[in-house]
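*Asks:* next input, structure requested:
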Amino acid sequence: MEPKVRRRSLLVNSSVAFVLAGIIATTTHEVSHLVAGLIVGESGTLFATSVEFAGERSVSDQITTAATGPIFSLVSGLLLIFVSREWGRGFGRLLWMWVGFMSAQIGFGYFLIAPFATVGDTGRVLALLEAPPIASWVSLALGMVGTLLLSALFARRVVAYSDGTDESMRAFGIFSWLIGTGVLVVIYLPAAFRLPPEAVFISLLGVVAAGIFAPMFSFFYRLVHVEAEPLELRVPTAGIVGLVVAALIVIVPLGIGVPFG
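*Replies:* The predicted model follows:
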């Protein structure tokens, strides 16, 4: 495969995988909130970027359901990053990679915004615990360190999966992130505007920030020395079909809300 064709194929496969992974990571994050609520005996409605629980809620139940999301995303994401390292040979490997990294970033992202947004999961937990202000800034520091860690780990994938040229690495690590983030915003925009006004910005910020580690690979890639791992890339037909189905689920049923319990 000619270098230009391979770079284009890597860009297409990575962009499709990025968007589908973003939907998977975001949806499983919200499902983890819902499951936590169902376990403690609450009923809730699952939306694309939130869960609404019904009735009077105890402080302990609110803490449990709010904390579950970031913890689930962080732990599952980090596990996937390492466990799924060799799953698939082409699009599948890119998909699992993006799901792992984006899930972990969603977890770290809630640590990042704790001092600025009490409507976010981590900020809400700290507010309910009546934690001192220093706890929010410690949370911010942990989020920053975690994001840089993900960027350093992602740089290893960029070097391994690209052809070693700056053009290939930019196509994979920057342009697929830009394209993918733009598509995710379009998909989630209708659902976000159904939320209360104070939650719209945080909802869209979460979508935009889920891949923020990706372009930061440029801080680390010159320090990386790994063997090249050329991927077997084709037109990701199954990935595109899966993406269309997933986007429709986000826009229609999850946009309206699906009740449970």
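*Asks:* buried residues, whichever helix or strand L95 is part of. List them.
*Replies:* Here L95 sits within helix 91-112, counting by DSSP states H and E. Across helix 91-112, burial judged by 16 or more other CB atoms under 10 Å covers 91-112. All C-beta atoms are positioned from the backbone trio N, CA, C, and that covers glycine.
*Asks:* go on, stretch 155-167?
*Replies:* Those would be 155-159, 161-163, for stretch 155-167 by 16+ other CB under 10 Å.
*Asks:* let me have the residues you listed in CSV, extended by distance to F175 and pLDDT.
*Replies:* Listed next are the buried residues of stretch 155-167 as CSV, based on distance: CB to CB, whole Å; pLDDT from 0 to 100:
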residue, distance to F175, pLDDT
A155, 16, 98
R156, 19, 97
R157, 15, 97
V158, 12, 97
V159, 16, 96
Y161, 14, 96
S162, 12, 94
D163, 15, 89
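*Asks:* among the residues you listed, which ones are in helices?
*Replies:* 155-159, 161 (DSSP state H).
*Asks:* how about these in TSV, adding distance to R57?
*Replies:* What follows is those, written out as TSV (distance: CB to CB, whole Å):
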residue	distance to R57
A155	42
R156	43
R157	41
V158	44
V159	47
Y161	45
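*Asks:* and the strands in this structure?
*Replies:* Using DSSP state E, the strands of the chain run over residues 44-46, 51-53, 258-260.
*Asks:* any chance of those in CSV, plus mean neighbour count and mean pLDDT?
*Replies:* As requested, the strands of the chain are exported to CSV (neighbours: other CB atoms under 10 Å; pLDDT from 0 to 100):
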stretch, mean neighbour count, mean pLDDT
strand 44-46, 20, 96
strand 51-53, 19, 94
strand 258-260, 12, 97
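*Asks:* could you dump these into TSV with distance to V12 added?
*Replies:* Output for the strands of the chain, formatted as TSV (distance: least, CB to CB, whole Å):
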stretch	distance to V12
strand 44-46	31
strand 51-53	33
strand 258-260	32
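*Asks:* now stretch 110-122: average pLDDT?
*Replies:* For stretch 110-122, mean pLDDT is 88.
*Asks:* should've said stretch 231-242
*Replies:* 96.
*Asks:* again, but for stretch 203-220
*Replies:* 93.
*Asks:* now do stretch 79-99
*Replies:* Stretch 79-99 comes out at a mean pLDDT of 96.
*Asks:* could you check how far the residue nearest the centre of the chain is from V51?
*Replies:* Note on the chain: the residue nearest the mean C-alpha position is M102, at 3.2 Å, using CA atoms, centre = their mean. Between M102 and V51 the computed distance is 19 Å (CB to CB, to the nearest Å).
*Asks:* repeat for Y188
*Replies:* Distance from Y188 to V51, by CB to CB: 15 Å.
*Asks:* the helix ranked longest in the chain: which residues count as buried?
*Replies:* For the chain, the helix with the greatest residue count under DSSP H is helix 3-39. Within helix 3-39, the residues that count as buried by 16+ other CB under 10 Å are 6-7, 9-30, 32-37.
*Asks:* cool, stretch 200-207 as well?
*Replies:* 202-207.
*Asks:* pull the most distant pair out of those residues.
*Replies:* Between any two of the buried residues of stretch 200-207, the greatest separation by CB to CB is 10.0 Å, found for I202 and V207.
*Asks:* returning to what we had before: check contacts around the residue nearest to the centre of the chain.
*Replies:* 18, 21-22, 25, 77, 210-211 (CB atoms under 8 Å, 6 or more residues apart in numbering).
*Asks:* how far away is it from T237?
*Replies:* Distance, M102 to T237, by CB to CB: 22 Å.
*Asks:* any idea how far R8 lies from V235?
*Replies:* From R8 to V235 the distance is 11 Å (CB to CB).
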